[in-house]
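Visitor: predicted coordinates and the sequence they were generated for:
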Protein chains: 2
Amino acid sequence: MQYEISERMAAMQPSMIREILKATSNPEVIAFSAGNPAPNAFPIGDIAQITADILQEQPVDALQYGVTEGYPLLLEAVRNLCKTRYDISISENEGLMIISGAQQGADLVTKTLINPGDTVLCEDPSFIGCLNCFRSYRAKLVGIEMEEDGVNLEKLEAEMKKPHVKLFYMIPNFQNPSGITTSLEKRKAVLALAQKYNVMILEDNPYGDLRFHGETIPSIKSMDTEGAVIYMGSFSKIIAPGLRVGYVIAPKEILAKMVVGKQCADVHTTMLSQMICYRFLATRDLDSHLSRLQGIYRGKCELMISTMEKEFASGVAHTNPEGGLFLWCTLPEGADMTSFCQKAVERGVAVVPGIAFLADPETPCRSFRMNFSTPADEAIVEGVKRLGLLTKEFLR
Amino acid sequence: MQYEISERMAAMQPSMIREILKATSNPEVIAFSAGNPAPNAFPIGDIAQITADILQEQPVDALQYGVTEGYPLLLEAVRNLCKTRYDISISENEGLMIISGAQQGADLVTKTLINPGDTVLCEDPSFIGCLNCFRSYRAKLVGIEMEEDGVNLEKLEAEMKKPHVKLFYMIPNFQNPSGITTSLEKRKAVLALAQKYNVMILEDNPYGDLRFHGETIPSIKSMDTEGAVIYMGSFSKIIAPGLRVGYVIAPKEILAKMVVGKQCADVHTTMLSQMICYRFLATRDLDSHLSRLQGIYRGKCELMISTMEKEFASGVAHTNPEGGLFLWCTLPEGADMTSFCQKAVERGVAVVPGIAFLADPETPCRSFRMNFSTPADEAIVEGVKRLGLLTKEFLR
């Protein structure tokens, strides 16, 4: 048999990060390359108790097929969560669907809106999982340079003006990979541009509840009165990613097609996972749970940054995220970042080369991504020390 | 904002069945329209115990991100299951991946192999979820007429000869919707044709373990020495569909692209679900569990058929499935099936019009699908009586 791969998938490569993750199964390697929640962030006792209750009280509901749109009680709870916690009211012209992690939202949005050759704009750098998703539908990806407070607006407008631009993908809070938060002014400006040029915004907000410094900034969706924003939320970072539960809010006519897409993709999201999320929201104190998570990540981020400032060679810049899981380091001009990341692995520390996150991986890049949520505190200190020694040798 | 739906999704409609299912949430309606396992088929006590053990012994594994290919212990267990139970040895040139139900396998195979305009051949009628999946990637669907022992081979060969035919989708055991089982001779012939014309077979086998009459027939995959068959199995019908766990075996170069596709689609399948399936396979007596299921479905199928033979007007034909969940009824020549199905709902019985399962829904069709696995025994008798009365009035 001769196999011919479709045009859309022929050039696709595995995510560099997921490949690096596999390489770091060696327990000697300190992995700053993951994007996992801290293991002690999971509400294990609550989930065990809730799951036992579900399988005692509603076993057939948890094990039988469900409707594609999602478990009705979870839909209601999310609707309520959006309204009370995030100030997002789902209008009459919009709908809500439970998805198998926010990644599936990106997949279904792209399938529903993007023809081969259409342009998807994204922050540059941005989350590789979604970039690859856009690529897998043969979108043309155009990255918009990130500044300290979000994308460069002139460049965004220049690109939005062009024909066949369908979507602008952004992560406004503690962006993956950069840790950057888009300012309120820029959120408003981005929304105005999207409306002006009829380009949908895909707002991905997996980390919004993990703010550990500064004040909450309203989501773009909460300011959207024209149906210009598709919004994706996730329980991966606030309950547990292994459950694979997220949600998406979209204009009804778009959501209707996404529902059909989900019927074809996985029929519905795991019922037990949906019911666990529902009962967690309905019966546990989300505020105090999130405070605990914020405390964990605040501590880890501060430990990583303070150790970096002690150990790294001067000239290595880093972002100062106000939340989330990641920070972004940039080597001084002239340094070969890829070679640095390679040497880091040889010293037993894995970081992700910045080029993995670029719309065009040929763009010159001196940055790499550091994750502070996954490693234990001792590993953060030891890993940053090893990297620090390397920076001093490497930049000599 | 003006929304423009992509070309691939613009014409897509929700699955008629899933829409009918929503309509039948009225508890007065007896639903022969579902495809759900019997609620008493679920090994509830085992799953509750296993889940408690997992969340006690390996909570972080169950809640954290996992690798895209699947939970390693489940992969090993499935490999073993395939070898010992199904006589399928996964060769060095092939790989195995855990998926979020077999539906996702169809999605990833299509995404990986089908360009817009390519032809996918299918049994006619066939499973609507996969037909819609093929359509959603703009495949040209060509249905091959079903006979009592599987597709018409002359028609299959005539279509396989044509250019741009990439895939032949089939459900060899107790097919959905017809209940037909493809004979050993036809399985061999189909495999030979696939190899001759370099057309991949997508063998979907969700019901194979639910045989309640006759002898097991080897899967096509078990006879495949040339890598002509992509095989999909599922735990939906033998453990529980709400868990969303299946698996796919494919040639390595195809599977590698499917893994990338899955990274973009849902990252990985729910960990807790995968671990439940693993522990069920590893610690429970699958033989005796399956015997129990076969007994349940044998009883329900026999009850439905014996009641039909008593209550239906003569002239209504039906298949005699040797397993699975469905049978297929055909009204006599000249009868208006759509009107019959409409009237049935008015009498409080939901069945699925046969056209829902056709590659070309414009093809004349006098058949409808009956599901015997979901309704309770009393509902089977009462529903068939109502339908029987209708057949007598309708065919007068």
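Guide: Thanks, I have it. It should be emphasised that the depicted structure is a prediction, and the values quoted were computed from it without experimental measurement.
Visitor: hey, which helix or strand in chain A has the poorest pLDDT?
Guide: Least confident helix or strand, chain A: helix A:16-23 with a mean of 64, by mean pLDDT, DSSP states H and E.
Visitor: next SSE downstream of that helix?
Guide: Reading on from helix A:16-23 to the C-terminus, the next helix or strand found by DSSP states H and E is strand A:30-31.
Visitor: contacts made by that next one with the rest, please.
Guide: A:21, A:24, A:348-350, A:371, A:374-375, A:379, A:382-383, A:386 (CB atoms under 8 Å, 6 or more residues apart in numbering or on different chains). All C-beta atoms are positioned from the backbone trio N, CA, C, and that covers glycine.
Visitor: same thing but at 10 Å, please
Guide: A:20-21, A:23-25, A:344, A:347-352, A:371, A:374-376, A:378-387 (CB atoms under 10 Å, 6 or more residues apart in numbering or on different chains).
Visitor: take stretch A:261-273, keep the C-alpha atoms, and write them as PDB.
Guide: Provided in PDB are the C-alpha atoms of stretch A:261-273 (Å, rounded to 0.1, in the frame of the first residue of the first chain):
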ATOM      1  CA  GLY A 261     -18.400  19.800  14.200                       C
ATOM      2  CA  LYS A 262     -18.200  18.300  17.700                       C
ATOM      3  CA  GLN A 263     -20.700  15.600  16.800                       C
ATOM      4  CA  CYS A 264     -18.200  14.600  14.200                       C
ATOM      5  CA  ALA A 265     -15.200  15.000  16.400                       C
ATOM      6  CA  ASP A 266     -16.000  13.300  19.700                       C
ATOM      7  CA  VAL A 267     -19.800  13.300  20.100                       C
ATOM      8  CA  HIS A 268     -19.600  14.900  23.500                       C
ATOM      9  CA  THR A 269     -17.200  15.600  26.300                       C
ATOM     10  CA  THR A 270     -16.600  12.900  28.900                       C
ATOM     11  CA  MET A 271     -19.700  12.900  31.100                       C
ATOM     12  CA  LEU A 272     -17.900  12.000  34.400                       C
ATOM     13  CA  SER A 273     -15.500  14.900  33.900                       C
END
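Visitor: how far is that stretch from where the chain is centred?
Guide: Distance, stretch centre to chain centre, for stretch A:261-273: 20 Å (CA atoms, centre = their mean, to the nearest Å).
Visitor: with stretch A:246-253 instead?
Guide: Put simply, stretch A:246-253 sits 17 Å off its chain's centre (CA atoms, centre = their mean).
Visitor: next: stretch A:183-193.
Guide: With CA atoms, centre = their mean as the basis, stretch A:183-193 stands 20 Å off its chain's centre.
Visitor: then stretch A:285-295?
Guide: In terms of CA atoms, centre = their mean, the centre of stretch A:285-295 is set 20 Å apart from its chain centre.
Visitor: got it, and stretch A:30-50?
Guide: Taking CA atoms, centre = their mean, one finds stretch A:30-50 lying 16 Å from the centre of the chain it belongs to.
Visitor: could you list the buried residues of it?
Guide: Neighbour counts over stretch A:30-50 (16 or more other CB atoms under 10 Å in any protein chain shown) mark A:30-38, A:41-44, A:46-48, A:50 as buried.
Visitor: what does stretch A:75-85 rub up against?
Guide: Applying CB under 10 Å, 6+ apart, the contact partners of stretch A:75-85 are A:67, A:69-71, A:74, A:88-90, A:95-98, A:208-209, A:216, A:219, A:221-222, A:231, A:233, A:235, A:245-247, A:249, A:274, A:277-282, A:286-287, A:290.
Visitor: and the strands in the stretch 201-350 of chain A?
Guide: Assigned by DSSP state E, counting those that start in this stretch, the strands in the stretch 201-350 of chain A fall at A:229-234, A:246-251, A:317-318, A:326-330, A:349-350.
Visitor: partners of the last one, with directions?
Guide: On the basis of DSSP bridges, the sheet neighbours of strand A:349-350 come out as strand A:30-31 (parallel).
Visitor: before we move on, what SS does A:Leu141 have?
Guide: strand (DSSP: H, G, I helix; E, B strand; the rest coil).
Visitor: so how many other residues sit close to the closest residue to it other than its chain neighbours?
Guide: In this structure, A:Leu141 finds its nearest non-sequential neighbour in A:Ala359, 4.2 Å apart by CB to CB, 6 or more residues apart in numbering or on different chains. If you count neighbours by other CB atoms under 10 Å in any protein chain shown, A:Ala359 ends up with 21.
Visitor: cool, A:Lys237 as well?
Guide: Here the number of neighbours of A:Lys237 (other CB under 10 Å) works out to 24.
Visitor: quick check: domain ranges of chain A?
Guide: The record's domain parsing of chain A by automatic domain parsing lists A:7-43+A:287-394, A:44-283.
Visitor: endpoints of the last one, how far apart?
Guide: It stands for domain A:44-283. 15 Å (CA to CA, to the nearest Å).
Visitor: show me where pLDDT drops low in chain A?
Guide: Applying pLDDT under 70 to chain A flags the ranges A:15-24.
Visitor: coming back round to it: just put the strands of the stretch 201-350 of chain A in JSON lines and tack on distance to B:Val120 and mean neighbour count.
Guide: Output for the strands of the stretch 201-350 of chain A, formatted as JSON lines (distance: least, CB to CB, whole Å; neighbours: other CB atoms under 10 Å in any protein chain shown):
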{"stretch": "strand A:229-234", "distance to B:Val120": "30", "mean neighbour count": "27"}
{"stretch": "strand A:246-251", "distance to B:Val120": "28", "mean neighbour count": "25"}
{"stretch": "strand A:317-318", "distance to B:Val120": "51", "mean neighbour count": "15"}
{"stretch": "strand A:326-330", "distance to B:Val120": "41", "mean neighbour count": "22"}
{"stretch": "strand A:349-350", "distance to B:Val120": "42", "mean neighbour count": "24"}
